[in-house]
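Novice: Provide a 3D model corresponding to the input given below.
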Amino acid sequence: QVQLVESGGGLAQPGGSLRLSCKASGFTFSKYAMSWARQVPGKRLEWVSGISSDGSDTDYRDSVKGRFTISRDNAKNTVYLQMNTLGFEDTALYYCAKLKEDYSNYWEYDYWGQGTQVTVSS
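Specialist: Model (predicted):
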């Protein structure tokens, strides 16, 4: 069965950095695009960034462009999200998500993990 296990969240100061990791299993990782999404309590899940199966294409929501970088290592079945210049607005539960095989947009997920909490606070 598909399993996605996120790690790397925690407490960061404004302007600081964190690197999230997501270890995937239960499917052929190198065949699927992946995304990161986030959710604040009481609000809808918000897509953050996506990466194609071979890593050649990436995309970001406007609010994180230039600050966040998504990458993947298909040999390790892992996708990463490097987050720099963190702001209070980045506080959320961050989820790693597998995309549907026939996706058209990076928010067309079919599985996601349990999430890792990112808190930006001074």
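Novice: Let me know the pLDDT of Ser104.
Specialist: Per-residue confidence for Ser104 comes out at a pLDDT of 89.
Novice: in stretch 39-48, what counts as buried?
Specialist: Buried residues in stretch 39-48, defined by neighbour count with 16 or more other Cβ atoms under 10 Å: 45, 47-48. (C-beta placed from N, C-alpha, C; glycine too.)
Novice: Next: stretch 3-11.
Specialist: For stretch 3-11, the neighbour count (16+ other Cβ under 10 Å) marks 4, 6, 8-9 as buried.
Novice: Let me have the residues you listed in CSV, adding secondary structure, pLDDT and distance to Tyr103 as columns.
Specialist: Output for those, formatted as CSV (DSSP: H, G, I helix; E, B strand; the rest coil; pLDDT from 0 to 100; distance: Cβ to Cβ, whole Å):
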residue, secondary structure, pLDDT, distance to Tyr103
Leu4, strand, 98, 16
Glu6, strand, 98, 20
Gly8, coil, 98, 25
Gly9, coil, 97, 25
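Novice: Between the residues you listed, which sits nearest Val118?
Specialist: Checking these against Val118 with Cβ to Cβ, the nearest one is Gly9 at 4.8 Å.
Novice: For the nearest residue to the closest one once chain neighbours are set aside, give the beta-bridge partners.
Specialist: The shortest distance from Gly9 to any residue other than its chain neighbours is 3.4 Å, reached at Thr116 (Cβ to Cβ, 6 or more residues apart in numbering). Following DSSP bridges, Thr116 is listed with bridge partners Tyr94.
Novice: mind checking how far Thr116 is from Ile51?
Specialist: Thr116 sits 18 Å away from Ile51, going by Cβ to Cβ, to the nearest Å.
Novice: cool, Thr119 as well?
Specialist: Distance from Thr119 to Ile51, counting by Cβ to Cβ: 25 Å.
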